[in-house]
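Chemist: Quick one, structure for this:
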Amino acid sequence: IVGATESQSADAEALVTAIAPQLDEEIGSSAKFVTEGTPGVQKTFAENCGDGSHVWNLVPSGESSGFAQGADINAGENAEERQEIFGLVGDIYVTVGGDGEVSEIAKAAEARGAKVVPL
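Modeler: Okay, here's the model as predicted:
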C-alpha cells in the first residue's frame, strides 16, 4: 500500500479503513501486505488489516514504524534505500492519494511489471 504520509483527507482515511480488513479477509492468507512504515495511509492500513499478521512494515535499519500492528522488517540503511527496496518487492501496489514520491514508486513498480491500482 502506498499513499499520502500527511494531511490525509477524511475520505482517504475512511477508504483505507474500509478496504484493509476486506483485503486481509479475502487474500491475507495467501499474501503479505507491505508498507514503508510511514504515517498516514500506510499506518491506517496496517492498523486496520485484520490482526496485523499479514503486514510487513519495511523500515531503515535500527528504526521502528511505531505501528500497533504488523512486523517491522529492516530494509536498507536509510529512507532512500528503504524506498528503493519497497519499489522492488511488491507484485501489486495499491495507491491512495500521495505526492511525487508515490508517483515515483508507482512508475518504478509498473516499469518492472508490477500492477498498480490507484484508488
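Chemist: use CA for all of it now, contacts and neighbours both
Modeler: Will do.
Chemist: wait, Val41 sits on Ala18?
Modeler: No: proximity of Val41 to Ala18 does not meet the contact threshold set by C-alpha atoms under 8 Å, at 12.0 Å.
Chemist: Looking at the two, which is more packed in?
Modeler: Comparing Val41 with Ala18 by neighbour count (other C-alpha atoms under 10 Å), the higher total belongs to Val41, at 28 against 14.
Chemist: Spatially nearest residue to the more buried one, not counting backbone neighbours?
Modeler: Gly3 (5.3 Å; C-alpha to C-alpha, 6 or more residues apart in numbering).
Chemist: For that neighbour, name its beta-bridge partners.
Modeler: Note on Gly3: beta-bridge partners Val96, judged by DSSP bridges.
Chemist: residues touching it, list them.
Modeler: With contacts defined as C-alpha atoms under 8 Å, 6 or more residues apart in numbering, Gly3 is in contact with 40-42, 95-99, 102.
Chemist: Return the entry from those residues with the maximum number of neighbours.
Modeler: In terms of neighbours by other C-alpha under 10 Å, these top out with Val41 at 28 neighbours.
Chemist: still on that earlier bit, hmm, which two among the contacts of Gly3 are most spread apart?
Modeler: Spatial extent of these (C-alpha to C-alpha) is set by the pair Gln42 and Asp99 at 13.9 Å.
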